[in-house]
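Engineer: Sequence first, predicted model second:
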Amino acid sequence: MRTAVKRNSGFTLPEVIVASTLLLLALVPILKAMAQINANTVLIERRTKSLSLAKMKINELQAKSIYNFNDVISENNQSLDDSYLCNISSQTINTNLKAITVSVGMDKNQNGSLAANEIEISLKTQLARR
């Protein structure tokens, strides 16, 4: 009769260590990329919301200028939505034309003031007397 040789099934310790090392080497760059993608997504969301709020403010100023052209003035640290602030600067070009700059950003440090490094978007337009 023939005797069967009993084989242990499974992995040896060196095989497990090599497989774990290879898995770790593959996962680290993937996790770093995912963290960077998440940070970029947050930045894009903030800039998109800032752009939307800036457009809304310009539309509001355009509507206001139809009947009250001289009331369009400069404002600083105006609260728009949640923790977003707005700075508006106005420059009179002539009696019938004004240049308006609207800067919007998130008040990251929650001090009620929009610093230069917190501005996400600045839009410029001109308003004409109608």
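Structural biologist: Perfect, I can see it now.
Engineer: Contact partners for Ser79?
Structural biologist: With contact taken as Cβ atoms under 8 Å, 6 or more residues apart in numbering, Ser79 is in contact with Leu85, Cys86. All C-beta atoms are positioned from the backbone trio N, CA, C, and that covers glycine.
Engineer: Please report how far it lies from Lys32.
Structural biologist: Counting by Cβ to Cβ, to the nearest Å, the separation of Ser79 from Lys32 is 37 Å.
Engineer: Ok, Ile100 next?
Structural biologist: The span separating Ile100 from Lys32 equals 42 Å under the rule Cβ to Cβ.
Engineer: Looking at those two, which is more packed in?
Structural biologist: Here Ile100 and Lys32 are set side by side on neighbour count (other Cβ atoms under 10 Å), and the busier one is Ile100, at 20 against 10.
Engineer: would Gln78 count as being in a strand?
Structural biologist: Yes - assessed with DSSP: H, G, I helix; E, B strand; the rest coil, Gln78 lies in a strand.
Engineer: which of the residues in the lowest-mean-pLDDT helix or strand in the chain are buried?
Structural biologist: The least trusted helix or strand in the chain, going by mean pLDDT, DSSP states H and E, turns out to be strand 75-81, with a mean of 88. Of all the residues in strand 75-81, those buried under the rule 16 or more other Cβ atoms under 10 Å are Leu80.
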